[in-house]
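Colleague: sequence and predicted structure are below.
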Amino acid sequence: MKIFHIETHEHDEIIDITPLLETFVREEQIENGVLYVQSLHTTAGVTINENADSDVKRDFLRRLDEVFPWRHPKDRHAEGNSAAHLKTSTVGVTQAVLVENGKLVLGTWQGVYFCEFDGPRRRRIAVQAIPAR
Amino acid sequence: MKIFHIETHEHDEIIDITPLLETFVREEQIENGVLYVQSLHTTAGVTINENADSDVKRDFLRRLDEVFPWRHPKDRHAEGNSAAHLKTSTVGVTQAVLVENGKLVLGTWQGVYFCEFDGPRRRRIAVQAIPAR
Amino acid sequence: MKIFHIETHEHDEIIDITPLLETFVREEQIENGVLYVQSLHTTAGVTINENADSDVKRDFLRRLDEVFPWRHPKDRHAEGNSAAHLKTSTVGVTQAVLVENGKLVLGTWQGVYFCEFDGPRRRRIAVQAIPAR
C-alpha cells in the first residue's frame, strides 16, 4: 500500500489521478488484478468519469452543488460542510479499477478523478493493488 | 478478465446482468472471493438493486432524471449529456459482488444491473474475479 | 466470508460498523489487503463517512430525504419504498476498505456506516477479506 498526497486549489475540484495510478501499477509490477484508490477524507471522494471535455467537470460540480447546496437552513453540523459529506458519499471514497497486462482497464473516455468538495486542502489517498491469482 | 458486450434499447435503461455474471463465475470456477464488474463508459454504470418488481426500475430512472434532468440551462458540455455523467458517478461504474461456494452472494431481492443513461448504444463491461486465498 | 446481523431502530438510520469490522480483521488475521462489506438488501447500503459529530448523520439523512422524498406522486412501486432504493444505489451496497498491518486503513474522521433507509428491520451484511499477496 502506498499513500499519495494531493494538493487541491479550489473549493470544489476534480483532479485527474490516472497518470499517478498508472505509474503505481507499473512500479509495483501488477500484471492482472484490481487497483484500489481510497480517499482518506470524509469531504473528498474518488470517481471514474470523462477525461476529455473539461466542461463535463464544470457541469458535474455545478449540478452536484445544486442538489446538495453548500448552505442549507436546516443544517446543524457546526463545521458547515454537510454538503461536502453528502457529495462524498454520492461519488464514494473508494474506487476500484481493473488491471490487465500491467495496464489500467479504462474505456476510451474514462479517467480516475479525485473529487475535492471542501478545499483547498492538502489531501491523502491510499492505493493498493490485488493480483487476480 | 473478460469483456462482455451489452446492447441497450432505451435512452435510460436498467438491464439485469446477474445471469451473465453467474455464468462467468461458474466457467471461471471461482470458489470464494470477489467479482468485479466495471462499465467501460462515462454515461453508463453498474449497481445492485431490486430484481423483483419492475416498477422499481421505472421509479428509479424517473426520480434520478428529476434530480439530474437531461436539459439544464447552465450546462456547457457540447455533447449535452452532462446529466448522464452525473447519474453514472452517482451509481458508480464499478460494482463488487462477493462470491462464496461458487455462487454470487446476493440478498433475496438483489440483482446486478447495468445502468444505461445515454442510450441506446452498444456498450462494454469488463468482468474479473479475485479469489479470497 | 462471514454474515453479521444488524438490528436497526429507525426508519432512516446510520450505524457505525467500524468496531465490528476491526474485530473481523483481527480474528481473520488479515495483514494486508482489502476488506469488503456488502449489504444484502436493496433498501439499505454501506458507506464511509464522518465518525465524529453526530449532527453530520442527521444532516446527511435529512438532505438525502429531500433529494429522494419518501412520498412521490408519480411512484408506481406498490411497496412505496422507491426512495429507499434510490438512496441505497446512491451510497452503494458494497464498500471496500484497505487493510494494512492488520488494521483498517481509515482517515482520522472516517468510519464505516451501515445505512438503513427503510427500517426498522433486522438486516444482514456479508464481510470478506482479500489478502494483497
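Modeller: Everything's here; your move.
Colleague: from here on, contacts and neighbour counts on C-alpha atoms
Modeller: OK.
Colleague: in chain A, which strand is the longest?
Modeller: Ordering each strand of chain A by length in residues (DSSP state E) puts strand A:122-131 first.
Colleague: is any residue of it near chain B?
Modeller: Yes. Counting by Cα under 8 Å from any Cα of the partner chain, contacts between strand A:122-131 and chain B involve A:130-131.
Colleague: kindly report the residues of chain A close to chain B.
Modeller: Applying Cα under 8 Å from any Cα, one finds that chain A approaches chain B through A:33, A:47-50, A:53, A:55-56, A:58-60, A:63-64, A:67, A:90-91, A:95-98, A:100, A:106-110, A:130-133.
Colleague: filter those down to the buried ones.
Modeller: When neighbours are counted using 16 or more other Cα atoms under 10 Å in any protein chain shown, the residues of chain A next to chain B contain these buried positions: A:33, A:47-50, A:55-56, A:58-60, A:63-64, A:67, A:90-91, A:95-98, A:100, A:106-107, A:110, A:130-132.
Colleague: coming back round to it: so which of the residues of chain A next to chain B also contact chain C?
Modeller: The overlap between those and the neighbours of chain C (Cα under 8 Å from any Cα) comes to A:67, A:90-91, A:130-131.
Colleague: strands paired with the longest strand of chain A, and their directions?
Modeller: Under the criterion DSSP bridges, strand A:122-131 sits next to strand A:2-7 (antiparallel), strand A:33-39 (antiparallel) in its sheet.
Colleague: could you say which of those strands is packed most deeply?
Modeller: Per-residue neighbour counts averaged over each of these give the maximum for strand A:33-39, namely a mean of 25 (mean count of other Cα atoms under 10 Å in any protein chain shown).
Colleague: and the residue of chain A that's closest to chain C?
Modeller: Closest approach between chain A and chain C, counting by Cα to the nearest Cα: A:L40, at 4.3 Å.
Colleague: which residues are in contact with that residue?
Modeller: Listed by Cα atoms under 8 Å, 6 or more residues apart in numbering or on different chains, the contact set of A:L40 reads A:93, A:123-126, C:106-108, C:110.
Colleague: and A:E79, how far is that from chain B?
Modeller: Plainly put, A:E79 is 25 Å away from chain B if you go by Cα to the nearest Cα, to the nearest Å.
Colleague: what about that residue, how many neighbours?
Modeller: 10 (other Cα atoms under 10 Å in any protein chain shown).
Colleague: same thing with A:G119?
Modeller: Other residues within reach of A:G119, judged by other Cα under 10 Å, total 18.
Colleague: and the residue most central in space within chain A, what is it in contact with?
Modeller: Ranked by distance to the mean C-alpha position of chain A (Cα atoms, centre = their mean), the top residue is A:V46 at 2.0 Å. Going by Cα under 8 Å, 6+ apart, A:V46 touches A:37-39, A:91-95, A:112-115.
Colleague: thinking again about what came up before, between the contacts of A:L40, which is closest to chain B?
Modeller: Closest approach between the contacts of A:L40 and chain B, by Cα to the nearest Cα: A:V93, at 11.1 Å.
Colleague: max-length helix in chain A?
Modeller: With DSSP state H applied, the helix covering the greatest number of residues in chain A is identified as helix A:54-67.
Colleague: residues contacting the helix or strand following it, please?
Modeller: Once the chain leaves helix A:54-67, the next helix or strand it forms, by DSSP states H and E, is helix A:82-91. By Cα under 8 Å, 6+ apart, the residues outside helix A:82-91 that reach it are A:42-47, A:64-65, A:68-71, A:75, A:115, A:117-118, B:89-92, C:47-50, C:56, C:59-60, C:64, C:90-91.
Colleague: alpha carbons only: can I get helix A:82-91 in CSV?
Modeller: Taking C-alpha atoms only, helix A:82-91 is exported to CSV below (Å, rounded to 0.1, in the frame of the first residue of the first chain):
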residue,chain,number,x,y,z
SER,A,82,-22.5,18.8,5.4
ALA,A,83,-23.0,19.3,1.7
ALA,A,84,-19.4,18.0,1.2
HIS,A,85,-20.2,14.9,3.2
LEU,A,86,-23.2,14.1,1.0
LYS,A,87,-21.3,14.7,-2.2
THR,A,88,-18.5,12.4,-1.0
SER,A,89,-20.9,9.5,-0.2
THR,A,90,-22.6,10.1,-3.5
VAL,A,91,-19.5,9.6,-5.6
